[in-house]
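Trainee: Predicted model follows, preceded by the sequence.
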Amino acid sequence: MLLIRGIAVEVLLLTDVAGSEINVSSEHRLWTLLLWNPWFLVGGLVFGLAARRSRTHG
């Protein structure tokens with residue numbers, strides 16, 4: 001879920017799908033893309049790798 005959330009937010013923010021329907025400043029978008037959202041991507045990858053390793057070694 002972390003990985004899906006991270007990818008979905010990246011795509012939505014980069015493509016500006018919502019347009020003017022939501023009020024997100026450019027500074028908020030930049031902070032989300034560069035600082036916060038990568039942690040969801042990294043967390044999703046690490047969790048997935050840990051689950052995969054647990055399944056193969058368990």
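Mentor: Great, that's in hand.
Trainee: ok, and the closest non-adjacent residue to residue 33?
Mentor: Nearest non-adjacent residue to residue 33, counting by Cβ to Cβ, 6 or more residues apart in numbering: residue 13, 5.7 Å away. The way it works is simple: take the backbone N, C-alpha and C, and place the C-beta from them, glycine included.
Trainee: how about that neighbour, what does it touch?
Mentor: 24, 29, 32-33, 37 (Cβ atoms under 8 Å, 6 or more residues apart in numbering).
Trainee: could I have the helix or strand hosting it exported to PDB, CA atoms only?
Mentor: Using DSSP states H and E, residue 13 sits within helix 2-15. This file holds the C-alpha atoms of helix 2-15, laid out as PDB (Å, rounded to 0.1, in the frame of the first residue of the first chain):
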ATOM      1  CA  LEU A   2       2.900   2.400   0.700                       C
ATOM      2  CA  LEU A   3       4.300   1.900  -2.700                       C
ATOM      3  CA  ILE A   4       0.900   2.300  -4.400                       C
ATOM      4  CA  ARG A   5       0.200   5.500  -2.400                       C
ATOM      5  CA  GLY A   6       3.700   6.900  -3.300                       C
ATOM      6  CA  ILE A   7       3.300   6.200  -7.000                       C
ATOM      7  CA  ALA A   8      -0.300   7.500  -7.100                       C
ATOM      8  CA  VAL A   9       0.600  10.800  -5.400                       C
ATOM      9  CA  GLU A  10       3.600  11.300  -7.600                       C
ATOM     10  CA  VAL A  11       1.500  10.800 -10.700                       C
ATOM     11  CA  LEU A  12      -1.300  13.000  -9.500                       C
ATOM     12  CA  LEU A  13       0.900  15.800  -8.500                       C
ATOM     13  CA  LEU A  14       3.200  15.700 -11.600                       C
ATOM     14  CA  THR A  15       0.300  15.500 -14.000                       C
END
